[in-house]
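Participant: Below is the sequence, then the predicted model.
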Amino acid sequence: MRVDAARNLDAILQTGARLLAEDSSTSVTAIAAEAGVSRRLVHRRFASREALEDSVIDAKLGAIDAVISDARLDRAPVAVALHRFVEGIIAVVRRYPIDPEQMRGSAESYSRMLEQRARIAVFMRRAMDEGLIRSDLPEGMAVALLHEIVGLLALQFPDCDPGQAADLAVGTLLKGMGAS
């Protein structure tokens, strides 16, 4: 793919993710205008608004797969893997802020998202087993807190660098909010 074509596609997908996150009925025309490309270009690339939405979701899931792989959740030291994962996932959530609930429309995408969440849950269980996270928490609480902290830092504090946001997220997850 030519550099300009790749840049246009990236702009369409990122803009589509942002606008669809704000309003799931956003039109292709609005996405094209905001992305700085013609509506015709978007229609050449995507047969329908639904196809564009599917591509946005696929791009987000692909980026999450890359983050999970790069973090080496199954073999890197837990603290290192946790920081890598959080830093990478914050960047993905900012790039593609589409809500995971919007993935329910596609059985394949939803299944893929659930598989990713299962891998993260296995990692968090490993963190508990190795003593980095309390093991007496109710089932699923550590994973839920991780998702909430990531979402908060990714979307409510967009000016915070992903590395600094990861420092805050991991510190908060592991040590709480106490002043010690």
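Facilitator: Arrived safely. Numbering: from 1, shown residues only.

Participant: okay, now the domains of the chain?
Facilitator: Domain segmentation of the chain under automatic domain parsing yields 1-46, 50-175.

Participant: tell me the contacts of Ala142?
Facilitator: 124, 127-128, 133-134, 173 (C-beta atoms under 8 Å, 6 or more residues apart in numbering). From N, CA and C alone the C-beta is placed, and that goes for glycine too.

Participant: Looking at neighbours, which among these is most surrounded?
Facilitator: Counting neighbours by other C-beta atoms under 10 Å, the top entry in the contacts of Ala142 is Met124, with 24 neighbours.

Participant: check contacts around that one.
Facilitator: Here Met124 is in contact with 133, 142-143, 146 (criterion: C-beta under 8 Å, 6+ apart).

Participant: again, but for Leu61
Facilitator: Counting by C-beta under 8 Å, 6+ apart, Leu61 makes contact with 103, 109, 112-113, 116.

Participant: Glu34 now?
Facilitator: 15, 18-19.

Participant: repeat for Ser106
Facilitator: 54, 57.

Participant: Look up how far Asp65 lies from it.
Facilitator: Distance, Ser106 to Asp65, using C-beta to C-beta, to the nearest Å: 16 Å.

Participant: is it possible to export the domains of the chain to JSON lines including mean pLDDT?
Facilitator: As requested, the domains of the chain are exported to JSON lines (pLDDT from 0 to 100):
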{"stretch": "domain 1-46", "mean pLDDT": "91"}
{"stretch": "domain 50-175", "mean pLDDT": "93"}
